[in-house]
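1. A predicted structure for the sequence below; I have some questions about it.
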Amino acid sequence: MILFIIKQAPIIIENYKKESQKINSIQAQSLTTNEYFTFPRNEKSVLIMWATWCAPCKIEMTRIQNSIDSGSIPAERVYAMNLFEDDYTSKKFIVESKYTFNFISRDESLINQLKAKATPTTYLLDSNNIYKASSGISIIGIYQLESFL
């Protein structure tokens, strides 16, 4: 357990530093509808950085989907961006998945702004401000997400 904490400490500290940071908007492309829109929008939203091979990502995304299905959070305020793989790989995954939230095209400028390096990393965004950032599977993360939105 001590080794785990020591290994995770830099990620935890980096995520804490991101809180209250302002990010620039991007022109995001939906991977399901191919429409372009400004992200983040002028509202509270969630962004999860994921990868198709990341088992913890699938656990977190399934937990988010369960909250959407139960009506605890609105699907239109949840966004997912593949941190490491191209859009073709993401689209293939999306077609085979049961997720109803928004998948957006990979954007290097946003990844660089967020200094995103790990999956899953979940960002709670209040318009263009990072309210909270967390990496890995969080026992209380879904409750924080539900109360935030």
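-> Arrived safely, thanks for sending.
2. element containing E60, please.
-> Here E60, judged by DSSP states H and E, is contained in helix 55-69.
3. Now tell me what touches that helix from outside.
-> Contacting residues not belonging to helix 55-69 are listed as 46, 48, 50-51, 73-75, 78, 80, 98-101, 119-120, 122, 136-138, 141-142, 145-146 [C-beta atoms under 8 Å, 6 or more residues apart in numbering]. (C-beta placed from N, C-alpha, C; glycine too.)
4. show me where this structure has helices.
-> 2-18, 55-69, 87-96, 108-114, 141-148 (DSSP state H).
5. Buried deepest among the ones you listed, which one?
-> Of the helices of the chain, the one with the most neighbours on average (mean count of other C-beta atoms under 10 Å) is helix 55-69, at a mean of 17.
6. Tell me the gap between that one and the middle of its chain.
-> From the chain centre to the centre of helix 55-69 is a distance of 11 Å (C-alpha atoms, centre = their mean, to the nearest Å).
7. who's in contact with the residue nearest the centre of the chain?
-> When C-alpha atoms, centre = their mean is applied to the chain, the residue found nearest the centroid is I48 (0.9 Å). Counting by C-beta under 8 Å, 6+ apart, I48 touches 57, 60-61, 64, 78-81, 120-123.
8. Make JSON lines out of those residues and add distance to I26 and pLDDT.
-> Formatted as JSON lines, those follow (distance: C-beta to C-beta, whole Å; pLDDT from 0 to 100):
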{"residue": "C57", "distance to I26": "21", "pLDDT": "96"}
{"residue": "E60", "distance to I26": "22", "pLDDT": "95"}
{"residue": "M61", "distance to I26": "21", "pLDDT": "96"}
{"residue": "I64", "distance to I26": "21", "pLDDT": "96"}
{"residue": "V78", "distance to I26": "17", "pLDDT": "97"}
{"residue": "Y79", "distance to I26": "11", "pLDDT": "97"}
{"residue": "A80", "distance to I26": "15", "pLDDT": "98"}
{"residue": "M81", "distance to I26": "10", "pLDDT": "98"}
{"residue": "P120", "distance to I26": "20", "pLDDT": "94"}
{"residue": "T121", "distance to I26": "17", "pLDDT": "93"}
{"residue": "T122", "distance to I26": "18", "pLDDT": "95"}
{"residue": "Y123", "distance to I26": "13", "pLDDT": "95"}
